[in-house]
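Visitor: what follows is a predicted structure for the sequence shown.
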Amino acid sequence: MSSIAHVETAMNEILNERANVLAKETGAIQRVRKFGGADLVQTLVFGWMQHPNASLEMLSSTAAIRQVYVSDTAVDNRFTPKCADFLHAVLEALLTVVVQAEEVMAPKLLRRFTAVVVEDSSTISLPDELVQLWQGCGGNQAHTQAALKLHTRWELKQGRLWGPALTDGRTSDHRSPLSHEELPEGSLYVSDLGYFCLAEIAQRHRHHRYSLTRLRGGTVLLDPKRKRLSLEQVLPQRVGQMKEMRVLVGAQEQVPMRLLMLRVPKDIADKRRQDLLADAQRRQQPVSEESLRLADWTLLLTDAPTKRLPFQSALILLRERWQIELLYKLWKQHAQVDEWRTANPWRALCELYAKLIGVVLQHWLIVLFAWQDAQRSLVKLAQVVRDCAGSLMEALAGDRPLQAVLQLVKRRMQSGCQMNKRKKHPNSAQLLESGRVEWSLRWGE
């Protein structure tokens with residue numbers, strides 16, 4: 001459980017005390033003249049948090065908040081491999097801290113599980129000069145030699161974040177570094193096909209952790225009598241028709257699950273096929289005829305019992321996986337974690353790490369002060385954090401009480417930071433509360 005005191009302590013310890021130690025250990029700061037470790041990390045994190053496209057001059061001005069007076073050239077000279085190592089170490093220190101909301105009354109659908117965890121990844125292309133540090137997928141396309149992949153898990157009831165854990169851009173989703181993280185008993189794990197792994201599904205099932213996923217093409221399905229099931233013979237044929245049956249999944253694992261089938265309208269199926277073909281072209285990989293044919297149906301697998309997860313509820317919770325896509329969108333469009341104004345690869349990497357530190361701090365504050373509001377708007381809440389970045393830095397510098405600044409952030413987050421409710425197309429919180437969804441919902445909405 002988290003409190004203001006818990007977050008205040010973590011911010012002070014990591015961004016002040018620990019930062020000074022890590023700066024010396026990594027060699028980013030060898031002799032303290034003007035910049036100390038805390039000065040450097042806070043200048044970069046809060047400078048880019050407040051202005052994602054901040055220039056060197058703006059960063060130099062930000063440093064003055066900590067009474068560090070340096071030129072833009074002095075700031076530029078700090079962008080070295082050792083500085084990148086330092087910022088990466090600070091990020092990893094932040095990721096060890098657990099921040100989750102207290103006493104939240106989650107929407108009805110989420111309350112059926114002890115936790116609802118969604119997972120996804122996002123890739124950021126890097127300058128080719130960084131290929132020895134972060135390997136991309138290579139190939140003939142531009143800017144693919146070096147890339148970094150963010151792996152993130154997000155618990156929707158209390159807001160806890162695992163990650164973003166960093167790997168080479170070429171790392172496949174099923175090798176996520178978060179796969180070893182244990183989930184609570186009675187929880188539901190929701191993921192896309194990139195994380196489809198029967199061995200992990202079977203392991204979660206044995207330990208009373210539930211899974212919800214789309215069916216991957218080619219997966220062996222058996223009927224309750226352990227006879228091979230022909231999917232073509234059991235699919236519903238009428239548009240809008242829902243059908244459910246018990247199956248055993250995997251020739252070896254034979255995990256008992258529910259197969260949920262929904263026939264979708266032709267326009268939705270055609271759009272899915274277009275998306276599949278476009279994605280295949282982007283990846284320079286073929287798409288199977290089976291995948292194109294099965295686009296006419298929404299096909300889900302879950303081992304959660306019907307009482308906990310009726311058919312329509314499963315559609316809604318699968319849709320919630322897209323919340324993490326919205327989180328990545330927030331980080332990229334608003335915090336601009338994948339953008340930089342430089343040809344210097346080390347400055348680009350330092351900027352990326354600093355912005356990732358910023359979005360983790362941003363998430364802490366959103367969870368701490370706004371998670372009890374199901375209608376919260378992440379975009380509006382993130383804007384509050386950016387607006388208060390200078391005040392947070394002043395508090396960490398000791399010029400004002402950090403607790404007072406956190407209370408200011410809290411007050412601002414509790415006013416004017418909600419989504420608008422919609423009648424025709426209900427937002428996520430409305431769907432989770434009602435438990436009902438239009439049958440024609442696409443998997444990508």
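Guide: Structure's in. What do you need?

Visitor: can I assume R321 is in contact with Y189?
Guide: No: at 10.3 Å, R321 does not count as touching Y189 under the criterion of CB atoms under 8 Å. Every C-beta, even on glycine, is put in place using the N, C-alpha and C of the backbone.

Visitor: tell me where the longest helix sits in the protein.
Guide: helix 345-370 (DSSP state H).

Visitor: list the buried ones in that one?
Guide: Judged by neighbour count (16 or more other CB atoms under 10 Å), helix 345-370 contains these buried residues: 345-370.

Visitor: which strands and helices sit next to the helix or strand following that helix?
Guide: Downstream of helix 345-370, the first helix or strand assigned by DSSP states H and E is helix 378-387. When contacts are defined as 3 or more CB pairs under 8 Å, 6 or more residues apart in numbering; DSSP states H and E, helix 378-387 sits against helix 37-50, helix 345-370, helix 402-413.

Visitor: in helix 378-387, what counts as buried?
Guide: Within helix 378-387, the residues that qualify as buried are L378, L381, A382, V384, V385, R386, counting by 16+ other CB under 10 Å.

Visitor: so the second one touches R412, yeah?
Guide: No: no contact is recorded between L381 and R412 when judged using CB under 8 Å, the distance being 9.1 Å.

Visitor: G36: neighbouring residues, count only.
Guide: 18 (other CB atoms under 10 Å).

Visitor: ok, for it, nearest residue in space, not its chain neighbours?
Guide: Leaving out its chain neighbours, the residue that sits closest to G36 by CB to CB, 6 or more residues apart in numbering is N20, at 5.6 Å.

Visitor: that neighbour: neighbour count?
Guide: N20 has 18 nearby residues by other CB under 10 Å.

Visitor: just list the residues touching it, thanks.
Guide: The neighbours of N20, taking CB atoms under 8 Å, 6 or more residues apart in numbering as the test, are I29, G36, G37, A38.

Visitor: what's the spacing between it and G358?
Guide: 19 Å (CB to CB, to the nearest Å).

Visitor: can you check I124 too?
Guide: 15 Å.

Visitor: my guess is L352 meets P127, correct?
Guide: No: counting by CB under 8 Å, L352 does not reach P127; the two are 10.5 Å apart.

Visitor: quick one: common contacting residues for these two?
Guide: With CB under 8 Å, 6+ apart, L352 and P127 have no common neighbours.

Visitor: wait, a strand at I124?
Guide: Yes: counting by DSSP: H, G, I helix; E, B strand; the rest coil, I124 is part of a strand.

Visitor: tell me which element N20 falls in.
Guide: Per DSSP H and E: helix 19-26 holds N20.

Visitor: for the stretch 101-250 of the chain, just list every one of the helices.
Guide: Using DSSP state H, counting those that start in this stretch, the helices of the stretch 101-250 of the chain run over 198-206, 231-234.

Visitor: and among those helices, the most buried is which?
Guide: Mean neighbours per residue, mean count of other CB atoms under 10 Å, is largest over those for helix 198-206, with a mean of 17.

Visitor: so what touches that one?
Guide: Here helix 198-206 has contacts from 179, 183, 189, 210-211, 213, 219, 249-250, 252-253, 255-257, 303, using CB under 8 Å, 6+ apart.

Visitor: recalculate using a threshold of 6 Å.
Guide: S211, G250, E253, V255, D303 (CB atoms under 6 Å, 6 or more residues apart in numbering).

Visitor: next: stretch 382-398.
Guide: Counting by CB under 6 Å, 6+ apart, residues outside stretch 382-398 touching it are 15, 42, 46, 49-50, 65-66, 330, 334, 362, 365, 400, 402, 405, 409, 412-413.

Visitor: can you give me the end-to-end distance of it?
Guide: With CA to CA, to the nearest Å as the measure, stretch 382-398 spans 24 Å from end to end.

Visitor: how far away is the residue of the chain most remote from its centre from P127?
Guide: The centre of the chain is farthest from one residue, K225, which by CA atoms, centre = their mean lies 39.9 Å away. Using CB to CB, K225 is found at 57 Å from P127.

Visitor: of the helices and strands packed on helix 378-387, which is nearest K421?
Guide: Of all the helices and strands packed on helix 378-387, it is helix 345-370 that lies closest to K421, at 16.7 Å by CB to CB.

Visitor: which other helices and strands contact the closest one?
Guide: helix 37-50, helix 81-94, helix 378-387, helix 402-413 (3 or more CB pairs under 6 Å, 6 or more residues apart in numbering; DSSP states H and E).

Visitor: show me what contacts S191?
Guide: By CB under 6 Å, 6+ apart, the neighbours of S191 are E119, T213.
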